[in-house]
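Undergrad: A structural model of the following input is requested.
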Amino acid sequence: MAERIIEQKEGYTTFKNTNVKLVEEIKSTKLDVFIVNGVEMVIRKKLNETQNLCLGKDELYYILLDKQICEMREENLLTFINNKFDITKELIHSLGPLYSGYKTITFHNCSEYWKNKGEDFERGNENFKHYKSLGRVMSVETGVELRTNGALHLCEGELGGSSMFCYFNEEGNIENRDYNYNISKFFSNQQKTRQELVEEILSHIPDTKYYNYGNKWFSKDVAFILENENDIEENTIFYLKKLKHSHGDNYVDIHSSKAKKPKSAIEVTRDHILSKILPLVNKIKFGEHVDLSQYIDLSKILPEKKAVKRVQKTKLELHDFSDIFVIKEHSEYEDIPKEIMIALLNISEGINSAINDDIVSKFLIDILEDYDLPSFSFDKGEAQKNHGKYIALVKLPHNINYTFKVEEGELCEVSHSGSIYSTDIIELQIVE
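TA: Numbers count the residues shown, from 1 in each chain. I've put the predicted structure just below:
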């Protein structure tokens, strides 16, 4: 594709337009009139070596320099050419097909692109009104993308692209400003396959021993949590959050989210994780079907446990707890949402207990902030209190109980009178 580049300079690249007939048509395009400040003009008389007497369509006369007329004619001719001929139809014809990872690149007229999305031209992208006809091109990258920062996040749909400053020049070739969207960097890319995607996913999941609890898998070094794709963002195929081992049974991710391996977690192989995510890869539109049996040994996957009504084994000694919080269906602070009540009922009936435990845990962390928890703030001259032995019990409907501890959170304020810290809830776990 490098032979398609005619010239590169000052942040611009000139590409060869391979449509010979169109090139000749553009080169033969002439424009006698020129426009200055929105007024169409023609030259009536040469006044001297540099000045010209011009008549505007508004029937007024103007005196313009040769340089002004030359610049206006060039700009007006480019505008006229790019209004008459659609460059988006020639970009792929001359330069494509183009690929970015597992995505295919296409080009669209900007105003049509936004109108097809139910948005008008100006509201769709304010920048385009400054480009006039020379910048009304939109690159769109469609396909799938595997994001690996803090999680394995697989998405499908329109996942990239940019507004472009790209137009036909007077010679009929393609001028592109590389700063907006550098087309040249995609020339060497080959179209990737779904099989390559599967193998890339595998490269991020260590082949080692794991302990599974619902949608969570814990190994010696890392933990993975399969989030509900509806809780992430549109176009998500799966979101497998990754946490690093911290200490003991505790794990933490790049955003300081925490997880703890439950004692009831069951030993499994990597195949157990793969059996949950690779079938999702085979449902995407991109690429051809992959035979997953070459990656997953189904004989190593434990059958799903049947639902068994939960029985609390631990005998509660209420005097062992620093605080006891009773959250009823109609709480003092707020009603328990319907989805939380369903999750609590599911836990009591042994239905997807680990997944529902995750739902309830998130709810509790939010609601307990409104309760009177131990404070790590202290006044000037005082020692900060130690809450290392604090443990609280939370009693919920359907005879579900949780315990938690607290630790010093973020520093919120420092003043002459003292220091204020937030209180973080840690080791929130259901009483087995």
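Undergrad: use CA for all of it now, contacts and neighbours both
TA: OK.
Undergrad: remind me which residues of the stretch 201-350 of the chain are low pLDDT?
TA: In the predicted model, the stretch 201-350 of the chain carries pLDDT under 70 at residues 229-231, 300, 302-307, 330-334.
Undergrad: Which parts of it are strands?
TA: Using DSSP state E, counting those that start in this stretch, the strands of the stretch 201-350 of the chain run over residues 210-213, 216-218, 222-227, 236-247, 250-252, 258-260, 266-268, 323-326.
Undergrad: Direction included, what does the fifth one pair up with?
TA: Here the strand partners of strand 250-252, with direction, are listed using DSSP bridges: strand 236-247 (antiparallel), strand 258-260 (antiparallel).
Undergrad: can you redo these as JSON lines with mean neighbour count and distance to A392?
TA: Compiled in JSON lines, the strands paired with strand 250-252 are given as follows (neighbours: other C-alpha atoms under 10 Å; distance: least, C-alpha to C-alpha, whole Å):
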{"stretch": "strand 236-247", "mean neighbour count": "20", "distance to A392": "22"}
{"stretch": "strand 258-260", "mean neighbour count": "20", "distance to A392": "17"}
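Undergrad: a markdown table for those, including distance to T208?
TA: Listed next are those as a markdown table, based on distance: least, C-alpha to C-alpha, whole Å:
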| stretch | distance to T208 |
| --- | --- |
| strand 236-247 | 14 |
| strand 258-260 | 19 |
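Undergrad: Of the ones you listed, which is nearest K315?
TA: When the strands paired with strand 250-252 are compared by C-alpha to C-alpha, strand 258-260 sits nearest K315, at 22.1 Å.
Undergrad: which other helices and strands contact the host helix or strand of S419?
TA: Take DSSP states H and E as the rule and S419 turns out to sit in strand 418-430. Applying 3 or more C-alpha pairs under 8 Å, 6 or more residues apart in numbering; DSSP states H and E, we find strand 418-430 packed against helix 353-367, strand 378-379, strand 400-415.
Undergrad: mind redoing it with 7 Å?
TA: Under the contact definition 3 or more C-alpha pairs under 7 Å, 6 or more residues apart in numbering; DSSP states H and E, strand 418-430 sits against strand 378-379, strand 400-415.
Undergrad: now the shortest one: mean pLDDT?
TA: Going back to what we said before, that points to strand 378-379. Model confidence over strand 378-379 averages 86 on the pLDDT scale.
Undergrad: mind checking which of the strands paired with strand 250-252 is nearest D335?
TA: The nearest among the strands paired with strand 250-252, by C-alpha to C-alpha, is strand 258-260 at 26.5 Å.
Undergrad: picking that back up, of all the strands paired with strand 250-252, which one is nearest R73?
TA: Between these, strand 236-247 lies closest to R73; by C-alpha to C-alpha that is 49.5 Å.
Undergrad: Can you give the distance from that closest one to the centre of its chain?
TA: Chain-centre distance of strand 236-247: 16 Å, with C-alpha atoms, centre = their mean, to the nearest Å.
Undergrad: okay, the angle between that strand and strand 222-227?
TA: Strand 236-247 runs at 150 degrees relative to strand 222-227, counting by axes from the mean of the first three to the mean of the last three C-alpha atoms, to 10 degrees.
Undergrad: Any idea how many residues pack against L278?
TA: Neighbours of L278 under the rule other C-alpha atoms under 10 Å: 19.
Undergrad: Likewise for H319?
TA: With other C-alpha under 10 Å as criterion, H319 counts 8.
Undergrad: please renumber so the chain begins at 19
TA: Sure thing, new numbering starts at 19, so read that last one as H337.
Undergrad: need the contact list for it.
TA: Under the criterion of C-alpha atoms under 7 Å, 6 or more residues apart in numbering, H337 has no contact partners.
Undergrad: hang on, the earlier thing: let me know the average pLDDT across the strand holding S437.
TA: The pLDDT scores in strand 436-448 average 87.
Undergrad: what's the answer for stretch 176-196, then?
TA: Averaging pLDDT residue by residue across stretch 176-196 gives 91.
Undergrad: Can I get it in PDB? Just the C-alpha atoms.
TA: Listed next in PDB are the C-alpha coordinates belonging to stretch 176-196 (Å, rounded to 0.1, in the frame of the first residue of the first chain):
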ATOM      1  CA  GLU A 176     -18.700   0.600  16.500                       C
ATOM      2  CA  LEU A 177     -15.600   0.900  18.700                       C
ATOM      3  CA  GLY A 178     -13.400   3.600  17.200                       C
ATOM      4  CA  GLY A 179     -12.700   6.100  14.500                       C
ATOM      5  CA  SER A 180     -12.500   9.900  14.300                       C
ATOM      6  CA  SER A 181     -13.600  13.000  12.500                       C
ATOM      7  CA  MET A 182     -11.200  13.600   9.600                       C
ATOM      8  CA  PHE A 183      -9.900  16.500   7.600                       C
ATOM      9  CA  CYS A 184      -9.700  14.700   4.300                       C
ATOM     10  CA  TYR A 185     -10.500  16.000   0.800                       C
ATOM     11  CA  PHE A 186      -9.800  15.800  -3.000                       C
ATOM     12  CA  ASN A 187      -7.100  18.300  -4.100                       C
ATOM     13  CA  GLU A 188      -7.100  20.000  -7.500                       C
ATOM     14  CA  GLU A 189      -5.200  17.100  -9.100                       C
ATOM     15  CA  GLY A 190      -7.900  14.700  -8.100                       C
ATOM     16  CA  ASN A 191      -5.800  12.900  -5.400                       C
ATOM     17  CA  ILE A 192      -6.600  12.500  -1.700                       C
ATOM     18  CA  GLU A 193      -5.300  14.900   0.900                       C
ATOM     19  CA  ASN A 194      -5.500  13.800   4.500                       C
ATOM     20  CA  ARG A 195      -4.400  15.500   7.700                       C
ATOM     21  CA  ASP A 196      -2.700  12.800   9.700                       C
END
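Undergrad: How about residues contacting it?
TA: Here stretch 176-196 makes contact (C-alpha under 7 Å, 6+ apart) with 29-35, 41, 44-45, 96, 100, 105, 152-161, 198-199.
Undergrad: which one of the helices and strands packed on strand 436-448 lies closest to I53?
TA: strand 418-433 (60.2 Å).
Undergrad: ok and the closest one relative to strand 436-448, angle-wise?
TA: 160 degrees.
Undergrad: Run me through the strand neighbours of strand 418-433, direction for each.
TA: Sheet partners assigned to strand 418-433 using DSSP bridges are listed as strand 410-414 (antiparallel), strand 436-448 (antiparallel).
Undergrad: quick check: mean pLDDT across that strand?
TA: Across strand 418-433, pLDDT averages out at 87.
Undergrad: could you give the angle of it to helix 371-385?
TA: Going by the same axes, to 10 degrees, strand 418-433 makes 40 degrees with helix 371-385.
Undergrad: mind listing what E28 touches?
TA: E28 neighbours (C-alpha under 7 Å, 6+ apart): none.
Undergrad: hmm, 10 Å instead?
TA: R195, D196 (C-alpha atoms under 10 Å, 6 or more residues apart in numbering).
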